[in-house]
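In: Kindly return the folded structure for what I paste below:
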Amino acid sequence: MQRKAYVPGVAALLVALLAAGCTSGSDTGGTEDNSNPGDAGTASPVAEPGRYRTLPEPCGAVSQDTLDTLLPGIQQLTDEDQREKAYEGTPTTTFDIDRKVGCQWKVESADATDHLLVDLERVVSYDNSVSDDNQAQALFAQAQTAAHLPEPSESATSDVSSSPTPGDAASASATASSSPSSSSSSSASPSDGSTPADLQPRVLDDLGEEAFLNDVVSSSGSTARQRTVTVAFRTSNVIVTVEYEEQPTTIGTTPDSKEMQDRARNLAAELAEALAG
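Out: This is a model prediction of the structure:
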């Protein structure tokens, strides 16, 4: 009988302990749940996307007046269909027009063969911790390094005051139509054959967020010397490259550096203005 009286008392004690345990567990669970939002808040923020989500149509991005300036041979074409086709240009091969587009023009004349290439690339970062702008900046730095620009000389001066603007294109067009660049032979160079400091390949500080210009002359034996002027700039997550080449028909002739650089920079300034708008 005493044993039977003892068992219910133990059972009551166990029930009380279990009830207390359930209450304590419920409180603890509430504390753990409240800590979850704080843990999620410590995640790294996603980098901002670039300003540009699309790219302009490249063959239509260059005006007819500008093409007249860079490609003087167009005005010498007597066949209307040939002239119209020359103005249209040829789109470069691309697999995604929202990421990379380009257009090229090639025109032959009695004085020279001119080639123009415009390339636009919209950079997108696939790393959530790296913004599109930063990724574009890294790619642009690689392109500038690959250009092997020389160190600026001590005598070099800033070219901001003499930098071309989109408004200069009209006056340049009038000059170019009457005087193709192949008609002069590095007239801007000193008599000793060296290139003036302000015409050397260099970084530009008046175009986009960062830019550079490269100027290369190549020759093959005794033939005319081909000059290639490249102007590249970055605006947010878009990198624009203008490549302008001229091959004179006269042996021993070298295209004028300043004239070609001015033309290429005028076009680059127009493209930068169009992107900004």
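In: who's in contact with C103?
Out: 58-59, 61-62, 89-92, 117-118 (Cβ atoms under 8 Å, 6 or more residues apart in numbering). For the C-beta atoms, the positions are set from N, CA and C on the backbone; glycine is no exception.
In: Just the element for it, please.
Out: strand 100-108 (DSSP states H and E).
In: what's the answer for L117, then?
Out: Assigned by DSSP H and E, L117 falls in strand 112-122.
In: for this protein, what helix or strand is lowest in average pLDDT?
Out: helix 168-178 (a mean of 40; mean pLDDT, DSSP states H and E).
In: all helices of the protein, in order?
Out: 2-40, 64-70, 80-88, 132-146, 168-178, 257-276 (DSSP state H).
In: what's the least confident stretch among those?
Out: Ranked by mean pLDDT, these bottom out at helix 168-178, with a mean of 40.
In: Between strand 100-108 and the strand holding L117, find me the angle.
Out: 170 degrees (axes from the mean of the first three to the mean of the last three Cα atoms, to 10 degrees).
In: coming back round to it: list the buried residues for the strand holding C103?
Out: Neighbour counts over strand 100-108 (16 or more other Cβ atoms under 10 Å) mark 100-105, 107-108 as buried.
In: now stretch 133-142
Out: 133-137, 140.
In: Can you tell me what sits against it?
Out: Counting by Cβ under 8 Å, 6+ apart, 47-48, 50-51, 121, 123-125, 127, 210, 232, 234, 236-239 sit against stretch 133-142.
In: doesn't E209 make contact with A232?
Out: No - applying Cβ atoms under 8 Å as the test, A232 and E209 come out as separate, 12.0 Å apart.
In: Neighbour count for those two, which is higher?
Out: Using other Cβ atoms under 10 Å as the criterion, A232 and E209 rank with A232 on top: 23 against 13.
In: Could you point out which residue ranges in the stretch 51-200 of the chain have low pLDDT?
Out: Low-confidence segments of the stretch 51-200 of the chain, defined by pLDDT under 70, span residues 153-196.
In: ok, back up a step: JSON lines please, covering the contacts of C103 and showing neighbour count and distance to L267.
Out: Output for the contacts of C103, formatted as JSON lines (neighbours: other Cβ atoms under 10 Å; distance: Cβ to Cβ, whole Å):
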{"residue": "P58", "neighbour count": "23", "distance to L267": "12"}
{"residue": "C59", "neighbour count": "18", "distance to L267": "13"}
{"residue": "A61", "neighbour count": "20", "distance to L267": "9"}
{"residue": "V62", "neighbour count": "22", "distance to L267": "7"}
{"residue": "G89", "neighbour count": "22", "distance to L267": "13"}
{"residue": "T90", "neighbour count": "14", "distance to L267": "17"}
{"residue": "P91", "neighbour count": "14", "distance to L267": "17"}
{"residue": "T92", "neighbour count": "15", "distance to L267": "16"}
{"residue": "L117", "neighbour count": "20", "distance to L267": "11"}
{"residue": "V118", "neighbour count": "23", "distance to L267": "8"}
